[in-house]
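*Asks:* structure, please.
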Amino acid sequence: MKRTALATALALSTLGAPVMAETITQSSPKSVVATMDALQAAVEGAGATIFARVDHGAGAAKVNMELPEAQLLIFGNPALGTPAMQADIHAGLQLPLKVLVYAGEDGTVVAYESVPTLFDGLEVPLDAEFAQKMTGALANLTGKAIAE
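*Replies:* Modelled structure (predicted):
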């Protein structure tokens, strides 16, 4: 698994220090569609709810613009998301969870933001069981999506 840390500076005069955002990326040996199909099957198999599957490439084509093949899966589990929102209602701005699968320069890439990144600046306890389960679920589900 390839982990890419992206530095993100916040213009908050009271904090002054940049916040480190982490996007987790993994290479998939499959096509974008096959990887997304496998991810969707894994999410459904885990009992989570799929809210949307967004085809960004198709959207771009509809307005006569080009974009590499890219799809986003939006999904969640209220048993995990609700406690996060109980801790800080603003967690609802980050939930449900999202995974992007796209055609990169060297093949298919699966990407998602780490749980600490999702809840950065919020009163969501990252050591709570639900946050740990979210982290594990994202790793497990994306791992199933890229498995051959």
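*Asks:* so what does residue 57 look like in phi/psi?
*Replies:* In terms of degrees, to the nearest 10, the main-chain angles of residue 57 are phi -60, psi -40.
*Asks:* what's the pLDDT at it?
*Replies:* If you check residue 57, the pLDDT there is 94.
*Asks:* for residue 148, same thing?
*Replies:* 84.
*Asks:* and the strands in this protein?
*Replies:* For the chain, strands defined by DSSP state E occupy the ranges 2-8, 19-28, 49-55, 70-76, 97-104, 107-113.
*Asks:* so for the fourth one, mean pLDDT?
*Replies:* With pLDDT averaged residue by residue, strand 70-76 scores 98.
*Asks:* weakest of the strands of the chain in terms of mean pLDDT?
*Replies:* strand 2-8 (a mean of 35).
*Asks:* got TSV for the strands of the chain, with mean neighbour count and distance to residue 133 too?
*Replies:* In short, each C-beta sits where N, CA and C put it, glycine included. Output for these, formatted as TSV (neighbours: other C-beta atoms under 10 Å; distance: least, C-beta to C-beta, whole Å):
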stretch	mean neighbour count	distance to residue 133
strand 2-8	10	20
strand 19-28	17	16
strand 49-55	14	15
strand 70-76	20	12
strand 97-104	21	11
strand 107-113	21	15
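*Asks:* out of those strands, which is closest to residue 120?
*Replies:* Residue 120 lies closest, by C-beta to C-beta, to one member of the strands of the chain: strand 19-28, at 5.6 Å.
*Asks:* partners of that closest one in the sheet?
*Replies:* strand 2-8 (antiparallel), strand 107-113 (antiparallel) (DSSP bridges).
*Asks:* packing partners for the longest helix seen in the chain?
*Replies:* Counting by DSSP state H, the longest helix found in the chain is helix 129-146. Counting by 3 or more C-beta pairs under 8 Å, 6 or more residues apart in numbering; DSSP states H and E, the packing neighbours recorded for helix 129-146 are strand 19-28, helix 32-45, helix 78-87, strand 97-104, strand 107-113, helix 115-118.
*Asks:* by how many degrees do it and strand 107-113 diverge?
*Replies:* 170 degrees (axes from the mean of the first three to the mean of the last three C-alpha atoms, to 10 degrees).
*Asks:* what residues does helix 129-146 touch?
*Replies:* Helix 129-146 has contacts (C-beta atoms under 8 Å, 6 or more residues apart in numbering) with 1, 24, 26-30, 35-36, 38-39, 41-43, 46, 48, 77, 79-81, 83-84, 97, 99, 101, 110, 112, 114-115, 119, 124-125.
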